[in-house]
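Trainee: Sequence first, then the predicted structure:
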Amino acid sequence: MNGLFITIEGPDGAGKTSIIKELFPLLQQVAKTEIIQTREPGGIPIAEQIRAVILDPKNDRMDERTESLLYAAARRQHLVEKVLPALSSGKIVLCDRFVDSSLAYQGAGRRIGVNEIAELNEFATEGTTPDFTLYLDVDSDTGLRRIAKNRQNQIDRLDSEGLEFHQRVRHAYLKLVEEHPDRIHKIDARNSFEEVLQLSYHAIINQFPQYFESQEGERK
């Protein structure tokens, strides 16, 4: 059995990281092979150090292209050190963000250009693409309200951007959903946490029955 690369995407405030925290152990219970959880930027020491630089609110003078290059550098190291070896050994990789995030945040949000960011990440990843992506969608107003309520003392550089920035990010994500319907599955993240969790779980289980036990272990 070859490895399986699953990514979870969404604009800030979609609840993505919280969903992954609960989704991972549920998938572990029914996976037919080992499953690992990781994130971007981060997942390994070098990439975590780059993450700290990128998201530090004190780095408010960071140039948009510098930011993009740092994301690509962290992604490259994470990919070759953790993701690709796991996939080569037949594991399932559940990753919090991947290239789609850069296309949305730097390509559209920073207005660098989606095509330009795609080319940069093509170099960084050598064309590695997820097998399946869950996109948790939430409107920008709701997302920012959730950030203000739940994070408070954990606001990073991207969280602090204005409404128009986050709207550009979301619109770019929605365009990616339209362009890649076979890979990206959209879930309305305005629903309750439990409903989003169940929808995410079933989307993965139903898409890849060869990797998961879909009968007794299925979440009701």
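Mentor: Cool, the structure landed.
Trainee: Just want the most central residue of the chain.
Mentor: What sits nearest the mean C-alpha location of the chain, by Cα atoms, centre = their mean, is residue 97, with 1.9 Å.
Trainee: how about the nearest residue to it, chain neighbours excluded?
Mentor: Across the structure, with Cβ to Cβ, 6 or more residues apart in numbering as the measure, the residue nearest residue 97 apart from its sequence neighbours is residue 40 (4.4 Å). Every C-beta, even on glycine, is put in place using the N, C-alpha and C of the backbone.
Trainee: got it, and residue 167?
Mentor: Leaving aside its chain neighbours, residue 167 sits nearest to residue 140 (4.7 Å; criterion: Cβ to Cβ, 6+ apart).
Trainee: got it, and residue 98?
Mentor: On the basis of Cβ to Cβ, 6+ apart, the spatially nearest residue to residue 98 that is not a chain neighbour turns out to be residue 7, at 4.3 Å.
Trainee: Other residues contacting the helix or strand harbouring the one you found?
Mentor: Taking DSSP states H and E as the criterion, the element that holds residue 7 is strand 4-9. For strand 4-9, the external contacting residues (Cβ atoms under 8 Å, 6 or more residues apart in numbering) are 16, 19-20, 23, 83, 87, 91-98, 100-101, 104, 128-136, 173, 184, 200, 204, 208, 211.
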